[in-house]
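A.B. asks: next come a sequence and a model predicted from it.
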Amino acid sequence: MTRTGVVGWALAAPALAVIAVFFALPVVMGLALSLTDFDLYGLADLSTVRFVGLDNYLRLLQTPPFWQALANTLYFVAVGVPASISLSLGTALLLNARIAKWQALFRTALFAPVVTTVVAVAVIWRYLLHTRYGLINQALAAIGIDPVDWLGDPRWSMPAIILFAAWKNFRCGSSPT
């Protein structure tokens, strides 16, 4: 190995050590623990921990909540990702079109998800989607539609979460001019 190669590895070593300690080691330990019957009481006496192999995974495949969570995840990916990409691309094209009015206002509004924290955005969306005094339900009431329990009704919670995620992940590719 050349001198520059040794210097390169020496400079990369601290970053690689941090990656090993805070990423690789927890992943390996998590995988190892998933093959045992480990619980929090096992911390007191590690000799009580038994190797169970793939039994935990087989038991997981037999539980209905796992399949429901997997279905929810697939639904979120199948609907949310294309919606997010389409919304972002469509908006970027619209904001760069010469016929679009108030481009500066919309660019500012669309940049808001990038600079706001998830907690602040979640509080605002919870207010917007609240069953009794949410802004969206008030708008629906104004046109004669009964309030919707956006976050409590299983039929509406996933679309509401997808809409929230699409807005939060908004990345508009418009230029500043």
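C.D. replies: Looks like it came in fine. Numbers count the residues shown, from 1 in each chain.
A.B. asks: any low-confidence regions in the protein?
C.D. replies: Residue ranges of the chain with pLDDT under 70: 42, 100, 170-177.
A.B. asks: ok, which stretches of it are helices?
C.D. replies: Using DSSP state H, the helices assigned to the chain run over residues 3-19, 25-34, 55-61, 64-75, 81-96, 103-115, 118-129, 135-142, 154-168.
A.B. asks: residues near His102, how many?
C.D. replies: Let me fix one detail, which is that residue 102 is Trp and not His. Neighbour count for Trp102, taken as other Cβ atoms under 10 Å: 10. In short, each C-beta sits where N, CA and C put it, glycine included.
A.B. asks: over to Gly80?
C.D. replies: That count, for Gly80 with other Cβ under 10 Å as the rule, works out to 20.
A.B. asks: which residues does it contact?
C.D. replies: For Gly80, the set of contacting residues under the criterion of Cβ atoms under 8 Å, 6 or more residues apart in numbering consists of 162, 165-166.
A.B. asks: most neighbours out of those residues, which is it?
C.D. replies: The member of the contacts of Gly80 surrounded by the most neighbours (other Cβ under 10 Å) is Ala166, with 20 neighbours in all.
A.B. asks: that residue against Val79, yeah?
C.D. replies: No - applying Cβ atoms under 8 Å as the test, Ala166 and Val79 come out as separate, 9.5 Å apart.
A.B. asks: next one: Val115 from Val121, what distance?
C.D. replies: With the distance defined as Cβ to Cβ, to the nearest Å, Val115 ends up 10 Å from Val121.
A.B. asks: same check on Asn72?
C.D. replies: Distance, Asn72 to Val121, using Cβ to Cβ: 21 Å.
A.B. asks: more neighbours: which of Val115 and Val121?
C.D. replies: Legend: neighbour count by other Cβ under 10 Å for Val115 and Val121, higher for Val121 (15 against 7).
A.B. asks: give the closest residue to the more buried one in space, chain neighbours not counted.
C.D. replies: Lys168 (5.8 Å; Cβ to Cβ, 6 or more residues apart in numbering).
A.B. asks: quick check: the one you found touching Val119?
C.D. replies: No - contact between Lys168 and Val119 fails when scored by Cβ under 8 Å: they sit 11.4 Å apart.
A.B. asks: of these two, who's got more company?
C.D. replies: For Lys168 and Val119, the more surrounded residue by other Cβ under 10 Å is Lys168, and the numbers stand at 16 against 8.
A.B. asks: so how far is Ile162 from the more buried one?
C.D. replies: 11 Å.
A.B. asks: now swap in Leu58 and tell me
C.D. replies: Here the distance between Leu58 and Ile162 works out to 32 Å (Cβ to Cβ).
A.B. asks: repeat that for Ala139.
C.D. replies: Relative to Ile162, Ala139 is positioned 19 Å away (criterion: Cβ to Cβ).
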